[in-house]
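Novice: Give me coordinates for this.
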Amino acid sequence: MNMKKMKKLLTVSSFIAFFFGVILLSLLPTKAYAWQTKEEVDKFNFIGTIYEFSSKEDTATPTKKYVPKFKTRPYVLYRMGNTVFGCQPDLSFVGKDEIDWADVRILLDNYSGEDIISINGKPWKADPWAVKKFGDRYNARLNHREVFGWTRTLPMEAYPKLPESGHISVNVFGEFRVGSVWTNDTAEPLWLSVSPFWRNEVPYIPIKDVLSPLGASFTFDLALNDTTIKANGHTVIVHPGSQIIYVDEKEVNIGCNPLNIDEIMCVPAKVAEYLGFTVDTFYAVDRYSPEKGYSTKDHIERITVTK
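Specialist: Residues are numbered from 1 along each chain as shown. Prediction:
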């Protein structure tokens, strides 16, 4: 075979190899989108899905229940936008400090667009290593803000408190459909039907999604379009579009209307207080506070309901 024919054959072979290579790559697992559009959410069916992340293979494989492969290594569940990832250090990593690629830095740099749901199945605030590392970095930023140009230092009240023993908290964030359920020593992700939101400085929550993990029960009167909620020995009846709610058969004006969002009942978070829950919120939107010494570059809208 002469050189001309050989070059032609090699060119054709290279094209065929490239063509089939592209097809094979398209069949491999790909990274999950962190900031998902509605179309991507529908495609991936992210409700209840955790993406098992491998830094070694650079892939994220969807699973309904994340089970760490290695019992002796730490693992993290963290949220990016509306996506929940589960990950462990690879074999090349040694020790807990090597969770750095998914560690407490996100609580400083990207909170609340990103959040740590759990470390080794517990709230990050229940992990002494995470608390110390967060505190060290937080204080370093406060002390060296001007030197290194770190302008995004949030106050400590931006972050949820660790529930006391025997209590349970639900942490959710405006604009995001994934929150967390914390006890003193357990933590799990919580997927919501719609995102919490603020309207006229009033925080709203999808009431059933948020209060069901706290033991509340719900009944719906289709004829009257009322929702009855029972918890902690109290009964509250709400009606969309009406500022009047009924608390233990007494009429109460809450000053703002419950709303139906995509057929999901959303109510002012303070309604939970009439049911015996405590509500803690933090709200900061593109503002700087010289007297408190912190600034934010984006929205932080946290709502925590505790039983």
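Novice: Quick check: residue 134 is in a strand.
Specialist: No - in this structure, residue 134 is helix, not part of a strand, as judged by DSSP: H, G, I helix; E, B strand; the rest coil.
Novice: Let me see the contact set for it.
Specialist: 104, 107, 108, 124 (CB atoms under 8 Å, 6 or more residues apart in numbering). Where C-beta positions appear, they are placed from N, C-alpha and C, glycine not excepted.
Novice: For residue 209, pull up the helix or strand it's in.
Specialist: helix 207-211 (DSSP states H and E).
Novice: likewise residue 68?
Specialist: Counting by DSSP H and E, residue 68 is part of no helix or strand.
Novice: picking that back up, okay, the contacts of residue 134 in TSV with distance to residue 161, secondary structure and pLDDT next?
Specialist: Formatted as TSV, the contacts of residue 134 follow (distance: CB to CB, whole Å; DSSP: H, G, I helix; E, B strand; the rest coil; pLDDT from 0 to 100):
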residue	distance to residue 161	secondary structure	pLDDT
104	16	coil	72
107	14	helix	82
108	18	helix	76
124	12	helix	91
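Novice: rewinding a little: any idea how far the helix holding residue 209 is from the middle of the chain?
Specialist: Per CA atoms, centre = their mean, to the nearest Å, the displacement of helix 207-211 from the mean C-alpha position of its chain is 15 Å.
Novice: Residues contacting that helix, please?
Specialist: Defining contact as CB under 8 Å, 6+ apart, one finds that helix 207-211 is touched by 170, 172, 179, 190-193, 196, 216, 218, 227, 229, 231, 238, 264-267, 271-272, 275, 277, 303, 305.
Novice: picking that back up, what subset of the contacts of residue 134 is buried?
Specialist: Among these, those classed as buried by 16 or more other CB atoms under 10 Å are 104, 107, 108, 124.
Novice: doesn't residue 138 make contact with the third one?
Specialist: Yes - applying CB atoms under 8 Å as the test, residue 108 and residue 138 come out as touching, 6.7 Å apart.
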